[in-house]
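1. Whatever this is, show me its structure:
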Amino acid sequence: MKAKTFIELAALSANLYAISRETHLMDKLKELSEQSRDKLNEFMSEKRVDEAGNEIPFTERIRLKAKEVQEEMEVKIGEMVSAFYEKVNIAHTDKLIDLERKLEEVNRNLALAEARIHQLENKDPMDGAV
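-> Below is the predicted model:
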């Protein structure tokens, strides 16, 4: 009987948690919709003019705003992807290119060191004596 009561309490607490999260979500959506409505009203009432002083039509203003939002989104997504790569330690293309350059440099230095060793091994010990 105690196990059944415990399971019922756990289920009840899970349901209460889900309901509270849903309420929080609804409050957040309401807040965001109010902010969006205010921004939309501000955008609608705004009058923009082109270089000639003519008022820009509403559809053109929407197109310009969409282009602006797209550019902002590209920047934000790039920042988020870089942060994600850094967080999960996935090599980014820039890091791979840098690592390849360093590997090539190490290989050149190793080849020079091997050439020096071969030169010293093949050098006649009598050449340096007078």
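2. What is the burial count for Arg63?
-> Applying the criterion other C-beta atoms under 10 Å, we find 12 residues in the vicinity of Arg63. Heads up, the C-betas are built off the backbone N, CA and C, glycines and all.
3. count of residues packed around Lys65?
-> Neighbour number of Lys65 under other C-beta under 10 Å is 13.
4. quick one: it and Met44 touch, right?
-> No. Shown here, Lys65 and Met44 do not form a contact pair, counting by C-beta atoms under 8 Å, at 11.2 Å.
5. Check which element follows the helix or strand encompassing Glu34 along the chain.
-> When secondary structure is defined by DSSP states H and E, Glu34 falls within helix 2-45. Later in the chain than helix 2-45, the nearest helix or strand by DSSP H and E is helix 58-88.
6. pLDDT on that next one, on average?
-> Regarding helix 58-88, the rounded mean pLDDT is 83.
7. Can you name every helix or strand that it contacts?
-> If you count contacts as 3 or more C-beta pairs under 8 Å, 6 or more residues apart in numbering; DSSP states H and E, helix 58-88 packs onto helix 2-45.
8. Report the angle between the helix it packs on and helix 58-88.
-> Here the directions of helix 2-45 and helix 58-88 differ by 140 degrees (axes from the mean of the first three to the mean of the last three C-alpha atoms, to 10 degrees).
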